[in-house]
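Asks: Need coordinates for the following:
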Amino acid sequence: MPEAFIRSFTVLLLLQCITDVVVRIWRLLCLSLVVMATFAVCWFPFLTSKELVFQVIHRLFPFARGLFEVCGLDIMTSCANVV
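Replies: Here you go, the predicted structure:
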């Protein structure tokens, strides 16, 4: 449910950028600045040390466990929502 809401909200924001050429560029620029600012605010607490940044990246992308385990878990979670 939350994923569908996020996708529809993203499409709504991008569709709002499709109007006049000048307005479209301005809205797309504003939207991109807001997204980058939000990303920066979310990462700000972890930028205190280099080790902490690498730890967050390692937890976001757990390649040490193997890609099969990560992808298998995603597929099983998706199937559980359908069934």
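Asks: Okay, domains of the chain per the record?
Replies: With domains defined by automatic domain parsing, the chain comprises 1-44, 48-83.
Asks: Out of the ones you listed, which gets the lowest mean score?
Replies: Lowest mean pLDDT within these: domain 48-83, a mean of 73.
Asks: would you put the C-alpha positions of stretch 33-42 in PDB?
Replies: Presented in PDB, the C-alpha positions along stretch 33-42 are these (Å, rounded to 0.1, in the frame of the first residue of the first chain):
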ATOM      1  CA  LEU A  33      16.000  21.000  -5.400                       C
ATOM      2  CA  VAL A  34      13.500  19.800  -2.900                       C
ATOM      3  CA  VAL A  35      14.400  16.200  -3.500                       C
ATOM      4  CA  MET A  36      18.200  17.000  -3.200                       C
ATOM      5  CA  ALA A  37      17.600  19.000   0.000                       C
ATOM      6  CA  THR A  38      15.600  16.200   1.500                       C
ATOM      7  CA  PHE A  39      18.300  13.700   0.600                       C
ATOM      8  CA  ALA A  40      20.900  16.000   2.200                       C
ATOM      9  CA  VAL A  41      18.800  16.300   5.400                       C
ATOM     10  CA  CYS A  42      18.400  12.600   5.700                       C
END
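Asks: Next secondary structure after the helix or strand Val11 falls within?
Replies: Val11 is part of helix 2-16, with elements assigned from DSSP states H and E. Using DSSP H and E, the helix or strand that follows helix 2-16 towards the C-terminus is helix 21-43.
Asks: which is the next helix or strand following that following helix?
Replies: Beyond helix 21-43 on the C-terminal side, the first helix or strand identified by DSSP H and E is helix 50-60.
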